[in-house]
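J.: here is my input; please provide its structure:
(4 chains)
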Amino acid sequence: MTRFTTLSDAIRDNVSNGQSIAMEGFTHLIPFAAAHEVIRQGVEGLTLIRMTPDIIYDQLVGVGAARKMVFSYAGNPGAGLLHRVRDAVENGWPRALELEEHSHAAMANAYHAGAANLPSAVFRGYRGTDLTNVNRNIKSVICPFTNEKLACVPAIRPDVTIIHAQRADRNGNVQIDGIVGVQKEAVLAANVAIVTVEEIVDDLRALPNRNANTCILPGWCVTAICHVPMGAAPSYATGYYPRDNDFYLEWSRISSDRDRFLAWIEEHVLAHPVDASVQEGAR
Amino acid sequence: MTRFTTLSDAIRDNVSNGQSIAMEGFTHLIPFAAAHEVIRQGVEGLTLIRMTPDIIYDQLVGVGAARKMVFSYAGNPGAGLLHRVRDAVENGWPRALELEEHSHAAMANAYHAGAANLPSAVFRGYRGTDLTNVNRNIKSVICPFTNEKLACVPAIRPDVTIIHAQRADRNGNVQIDGIVGVQKEAVLAANVAIVTVEEIVDDLRALPNRNANTCILPGWCVTAICHVPMGAAPSYATGYYPRDNDFYLEWSRISSDRDRFLAWIEEHVLAHPVDASVQEGAR
Amino acid sequence: MTAISPKEYMTVSAARLLRNEDVCFVGIGAPSAACNLARLTHAPEITLIYESGTIATTPDRLPLSIGDGDLHDTALTTVSVPEMFQYWLQGGRISIGFLGAAQLDRRGNLNTTVIGDYDAPKVRLPGGGGAPEIATQAREIFITAEQSKRTFVDKIDFLTSLGHGQFGESRGTFGVHTKGPTRLVTDLAIWDMLDPEGRKVCDPDFQAQTAEFVVVSLHPGVTRDDVVGSVGWTVRFAPHLEVTPTPTPLELETLRALHARSANSQ
Amino acid sequence: MTAISPKEYMTVSAARLLRNEDVCFVGIGAPSAACNLARLTHAPEITLIYESGTIATTPDRLPLSIGDGDLHDTALTTVSVPEMFQYWLQGGRISIGFLGAAQLDRRGNLNTTVIGDYDAPKVRLPGGGGAPEIATQAREIFITAEQSKRTFVDKIDFLTSLGHGQFGESRGTFGVHTKGPTRLVTDLAIWDMLDPEGRKVCDPDFQAQTAEFVVVSLHPGVTRDDVVGSVGWTVRFAPHLEVTPTPTPLELETLRALHARSANSQ
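T.: Numbering: from 1, shown residues only, chains lettered A, B, ... in the order given. Got it, this is the predicted structure:
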C-alpha cells in the first residue's frame, strides 16, 4: 500500500545504482524535482527510459547518472537539440551512453504491454525505417490469421517509475488532469512507483467537477507519494502553473557548454538542501 | 462526416442482410431501440457480435435475424439463461445459430485490435480451457523475446457498430458517461457507426462538469446520429434513467415460451409505427 | 432474529476469507454478496472490482447485473472494459478472483458453458465471460456454490475455467503460475485445496498433481453424510474437522439489511 | 504591411493544401503554423491532432512544444499517448500527416536521427518520435522544410521515416499501402511527387519506382537557379511551371497575428 514520505526518503528507499527507471510525463507533469533528488543522491549506472528525454534526462545524462537511455525523441521540445545527450553520444562525456532508440508508437505500445503484463508489444510499425538496423530489440511476429508481419518490441517493465501528478488523496489515490501521456501505463508497468504531487486532498471521490480527461490511479498501485509543490517545473501542471517556455529556450544556452551546465547543476540542484529546491520550484 | 437522421433511415441506409453487426454497451446503454428497428425492417442473416448478448440479442435471435453469434457471456444478467438463444442453439428454432464463443478478455482485446487496425489481438489467455477446442479462431503466437506462447484471436471489424450514448452535439461529437464498456473500440473498429442518443446539445466543449469517466467520440468517426430518447431501455442511461431490473427478471418468463415471445415482439416491437416505440421507451 | 439459513452460512463464511487489503474481482450472485458483506463488516477498505470497469466500488445495495449504475456511481473510477482485462486483470493487479459455477470438480475446474455435448448441448449455459482469465490471472481463487450432485460432479462436461487440471496435471502444465482455487465455500461446508499430505497451495512443497478439495469445516448441524450425499465424487474429510463459527449478529444483520435494500430497490 | 518573407510563402502555401474535412496529425514548427493558419482562415472545421493526445484542438497561439497546456485546454478531448498511436494513428483515422525533417531526399524519405554514422554521429539529432509511423499510417503526407543543401540531400544519412524508398522501390516494397509524401512546400517552391509521365500518387497508373519530387510552382521572385542552388540533387521542373499565388491580406494578417500572440505569451 501507499506510503506518504518525503522525496528524499522515497528516492533513498526505492532508487539504487544500476536500476531501470522511467520518469514519464509527455511535456506535461515532468517529475523534475524527483530527478534532482536522484542527482543529489548521486545514483549511477541507470537505464533511463522515457519517450521524450527532454531537459530532465539531459540533466541526468549530463551529470553521468546513466549508462543507457531508451527513448524515441531526444529533443528540447520547441528549442532544438539536447546538448548533454549529444555530448554523451558524440564524445562520451562525462561517460558513454548506450542508446536503445524506438519510435513513439513503439514506446507507447511497449508501455501498454508492460502495464498489461505482456512480454512484448505487437503493432504495425517500423516499416521501411533504418531504426530496425540499429536496434536489436525490434523483432517481428506473423499474424496467424493473415500472415501479415507485424513489429514486436519488448514490454517496458521499469524497476521504478516516477511521475508527477496534480493531487493525491489521503488514501493514496492519484489524479492527473490534462495531457495524461503514458503515466498510467508507466506506473502500472513498474515494479515500484513513486508519485510526487502538487497537492494532497482529503478524498478524490468527493471532488466536484472532475474533468473529462482525468486519469486516476488507485492508492494500492503506488509505492510512495511525496507532496512536492512545483515538482514539475519548468514543465507544467494543468490547473497549477504553466510551462516555463523561457527556461526551455534558455536551457539550450546553459547546456551547450560543459562548465556552464555543471555550474547550473551545482547552483540549482546540488547546493540545495534536500527537498528545498522543490519548495521554490525546480530552477 | 456525421449525418443526423431518423432511426429508420439510419438502419435502412446502413444495415443490410448478411452483415456483421456489433451492438455494444456493457449492461449500460444497450441500444435496444435500434435493435427493434432492425427487427421491424426484417433484416436477416446477420452475424451478431457482442460480449454479453443480453436480452437485445435474445430478441434478434428469437425472430431469426441472425445466422451466427460471436460472444463471451450469453446470460440474462442477474436473471439466468437466454431462452431464445438456448432454443436456437439446442433446437434450431427459429433457425440454427452458429456460435463463435470467446472469453471476455479475448473479445475486449479483439475490439481493441479492431480499433487499432490490427489483424489480430495478442494476449495471455485461454490457458487450460476447452474453449480452444471448440473455436478455431483461437490461435497463438510465440513472443520472439521470451518464447512464451500467447493467445491470438482475430480483430473484430464489424460492418456496422450501433451504440447508444447520452448526448451528441451539433457537430456530431458523442459523449458517454458512466460505464463506458467497449463502445469506443466497437465504433472505431467498424466500417460504419450508428449512434442513438438521449439528447442533442449545442456544443460538448461548452458543457460544464464533464465527468471523470467520460468517453468522447469525434463526429468524423460516426456515420449517423439519431435522437432517440429512452433508446437504451430496459437497459439504462446514467444521468437519465435506471436499469429496468423488473423487466430483466420478467424477460425470463416472456422468453421461455415461443408463442409468448412472438406475441411480445408483435405487440412491443412490430406493432409500433417506426420510431414510435422509442418515444415511449423500448417496452 | 430468524434461524440462520445454509446460504447465509455460505455467504458469511465466504466473506470472512477476504482481508482489508485484498483487491477482489467480483462475480455476480453469491460472490457479490460475500464481497460486499466483507466490505460492510471487517474489511471496510477492501477494493472491489467488477468486470464492467468499476474500480473500488462501494454499492449500497447488491447489483442485479455486473454493470448496474450504482457500481459506477459509487466507484473511485471506471475504466473501459479492454483496460479492465488488459491492465488490471492480466496486469496482475487482482489478489482474489471470486467465482461460482454451474459445474465444478474436486480439482476446482469450473464449467459455465454447456451441460452435455458442446455441439448438441442438453443445456446451453451462458459461457465463460470473464472467468477463464480470472481463473488464471487473479493471484488466488475462491469458489462459492451451493452443493448438489448436479453441480459438484466427478467430471465436468466442459472445462471453462482452469482449476488445477486433471489429476496428474498442475496449473504449470498450462503455463499458469498463479495459485488458482484454494478455498471452496458452500452452503454446507468449507473446503480447502490440499494435497494428500494436507499441504495447502501456498506451501512450497504442495503437490498439485494429487491435490483436491477436502472438507475442513462443517457448518453447525451439517453431517458428513449431508456433504457426501450432495457431491458426485468420493469426498475426503480433513482429519481434524472444524465446526464453522456461527455468524455474528453484526454479520447477520448487515447481510440481511443488504439483501433487504437490494430487494426493495429492484 | 511589410514585404512577404519566403517563410511566410511557405507557411501560407502549406496551409492552402489543407481542407476543412481533413484530420491532420501536426508536427511542431512550420507544420503547426500552417495547420493553425488553415484553421483560422479557409478551413475552420479542420481537425488538428497533436501526438500528446489532444484531439480537435484549437489553440489561440502556436504551442512551443507538442504538449503545451493550451493544446489540452482548447481540445475536444485528450486521450492517452498509447491510445493516440493505437486507435487514432494506426487506426487509420488521420487523413494528413504534416512532417518536417533535418534531411530529406527527392523520394520524400526523411532523416531526423543522425548526421553521419549512427554509431559515431557527427550530429545526434532528436530521432524519429512519432514520424516513422505517421509517415506510413497517415493516409497522405505533406512535407514542409526550408531549402538548403544541408537539408535537401542526394542521399540521406539515415532513413527515419519512409517516403517512397529508393528508386526502384515503392512503399509496397515495405508493406505500406498509404499514399505517402505527395506535396513538398518550401520557402522557395511547391513540389509534387510525380512519376516521369507527370502522374500524381493518386493516379491509378502512378509509377512509384521512378517518381520524385518535381517543382510545380515557384514563389514570386524565385528563379530556377535559386531552387537548383539550394538542393543537393538534379532538380526536375514541371513543363508548365506555375507562380505561387501571393498570400491574401487575410492570410498574411492572420499568420502575423498568430505569430505575434505566440511570441507575446512565451
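J.: for A:K68, which three-state class applies?
T.: The assignment at A:K68 comes out as strand when based on DSSP: H, G, I helix; E, B strand; the rest coil.
J.: show me the beta-bridge partners of it.
T.: Under DSSP bridges, the beta-bridge partners of A:K68 are A:T47, A:E98.
J.: that one: what's it in contact with?
T.: Listed by CB atoms under 8 Å, 6 or more residues apart in numbering or on different chains, the contact set of A:K68 reads A:46-48, A:97-100. Quick note: C-beta positions are derived from backbone N, CA and C, even for glycine.
J.: how about JSON lines for these, with neighbour count added?
T.: Shown next, in JSON lines, are those (neighbours: other CB atoms under 10 Å in any protein chain shown):
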{"residue": "A:L46", "neighbour count": "24"}
{"residue": "A:T47", "neighbour count": "18"}
{"residue": "A:L48", "neighbour count": "25"}
{"residue": "A:L97", "neighbour count": "23"}
{"residue": "A:E98", "neighbour count": "12"}
{"residue": "A:L99", "neighbour count": "19"}
{"residue": "A:E100", "neighbour count": "18"}
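J.: ok, these vs A:R258, which is closest?
T.: Distance to A:R258, by CB to CB, is smallest for A:L97 among the contacts of A:K68, at 14.8 Å.
J.: what sits against residue 227?
T.: Unless you meant another one, I'm taking chain A. Residues touching A:H227, when contacts are defined by CB under 8 Å, 6+ apart, comprise A:4, A:196-197, A:199-200.
J.: that answer is for a different chain, and I need it for chain C
T.: Under the criterion of CB under 8 Å, 6+ apart, the contact partners of C:V227 comprise C:147, C:188-189, C:215, C:218, C:235, C:237.
J.: give me the buried entries from those.
T.: The neighbour-count test (16 or more other CB atoms under 10 Å in any protein chain shown) marks C:147, C:188-189, C:215, C:218, C:235 as buried among those.
J.: sorry, back to before: any chance of the contacts of C:V227 in a markdown table, with pLDDT too?
T.: Rendered in a markdown table, the data for those read as follows (pLDDT from 0 to 100):
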| residue | pLDDT |
| --- | --- |
| C:Q147 | 98 |
| C:L188 | 98 |
| C:A189 | 98 |
| C:V215 | 98 |
| C:L218 | 98 |
| C:V235 | 98 |
| C:F237 | 98 |
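J.: in this structure A:V134 contacts A:E98, no?
T.: No: counting by CB atoms under 8 Å, A:V134 sits too far from A:E98 to count as a contact (11.7 Å).
J.: count the neighbours of residue 168 for me.
T.: Defaulting to chain A. 26 (other CB atoms under 10 Å in any protein chain shown).
J.: think we crossed wires, I meant chain C
T.: Neighbouring residues of C:G168 were enumerated by other CB under 10 Å; the total is 9.
J.: not counting its neighbours along the chain, what's nearest it?
T.: C:Q209 (5.3 Å; CB to CB, 6 or more residues apart in numbering or on different chains).
J.: OK, contacts around the one you found?
T.: Residues near C:Q209 by CB under 8 Å, 6+ apart: C:167-170.
J.: if I look at it, how far off is chain B?
T.: As for C:Q209, its distance to chain B is 14 Å (criterion: CB to the nearest CB, to the nearest Å).
J.: what's the answer for C:G198, then?
T.: Using CB to the nearest CB, one obtains 25 Å as the distance from C:G198 to chain B.
J.: next, that residue: secondary structure please.
T.: Classification of C:G198 into helix, strand or coil gives coil, according to three-state DSSP.
J.: right, and it touches C:F237 too?
T.: No: look at C:G198 against C:F237 with CB under 8 Å: they stay out of range, at 11.5 Å.
J.: which neighbours do these two share?
T.: Common neighbours of C:G198 and C:F237 are listed as C:V214 (criterion: CB under 8 Å, 6+ apart).
J.: for whichever residue of chain A sits closest to chain D, which non-adjacent residue is spatially closest?
T.: Scanning chain A for the residue nearest chain D gives A:T27, at 2.7 Å (criterion: CB to the nearest CB). In space, A:T27 comes closest to D:G67 once its chain neighbours are excluded; the distance is 2.7 Å by CB to CB, 6+ apart.
J.: quick check, pLDDT for the one you found.
T.: The predicted structure scores D:G67 at 84 on the pLDDT scale.
J.: and it, which of the three is it?
T.: Going by three-state DSSP, the secondary structure assigned to D:G67 is coil.
J.: number of nearby residues for the nearest residue to C:S161 once chain neighbours are set aside?
T.: If the residues on either side of it in the chain are set aside, C:S161 comes closest to C:A135, at 3.7 Å by CB to CB, 6+ apart. Neighbour count for C:A135, taken as other CB under 10 Å: 30.
J.: for C:A135, give me the pLDDT.
T.: Reported pLDDT at C:A135 in the predicted model: 97.
J.: ok but A:A263 is inside a helix, no?
T.: Yes: checked against three-state DSSP, A:A263 lies within a helix.
J.: do you know how far it is from A:Y236?
T.: For A:A263, the distance to A:Y236 (CB to CB, to the nearest Å) stands at 26 Å.
J.: so C:E51 makes contact with C:S65?
T.: No: C:E51 is not in contact with C:S65 according to CB under 8 Å; the separation is 10.9 Å.
J.: any buried residues in whatever helix or strand A:I194 lives in, and which?
T.: The secondary structure element spanning A:I194 is strand A:192-201 (assigned by DSSP states H and E). When neighbours are counted by 16+ other CB under 10 Å, the buried residues of strand A:192-201 are found to be A:192-198.
J.: which of these lies closest to B:Y111?
T.: Nearest to B:Y111 among the buried residues of strand A:192-201: A:A193, at 28.1 Å, using CB to CB.
J.: quick check: that closest one vs chain C, distance?
T.: In terms of CB to the nearest CB, A:A193 sits 12 Å off from chain C.
J.: just give the closest residue to that residue, not the sequence neighbours.
T.: For A:A193, ignoring the flanking residues on the chain, the nearest one in space by CB to CB, 6+ apart is A:V187 at 4.4 Å.
J.: how about the contacts made by that neighbour?
T.: The contact partners of A:V187, taken as CB under 8 Å, 6+ apart, are A:115, A:161, A:163, A:193, A:195, A:217, A:221-222.
J.: can I get those in a markdown table with distance to C:R106, pLDDT and secondary structure?
T.: Output for these, formatted as a markdown table (distance: CB to CB, whole Å; pLDDT from 0 to 100; DSSP: H, G, I helix; E, B strand; the rest coil):
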| residue | distance to C:R106 | pLDDT | secondary structure |
| --- | --- | --- | --- |
| A:A115 | 36 | 98 | helix |
| A:T161 | 43 | 98 | strand |
| A:I163 | 47 | 98 | strand |
| A:A193 | 40 | 98 | strand |
| A:V195 | 45 | 98 | strand |
| A:L217 | 40 | 95 | strand |
| A:C221 | 36 | 96 | helix |
| A:V222 | 40 | 97 | coil |
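J.: no further queries at this time; thank you.
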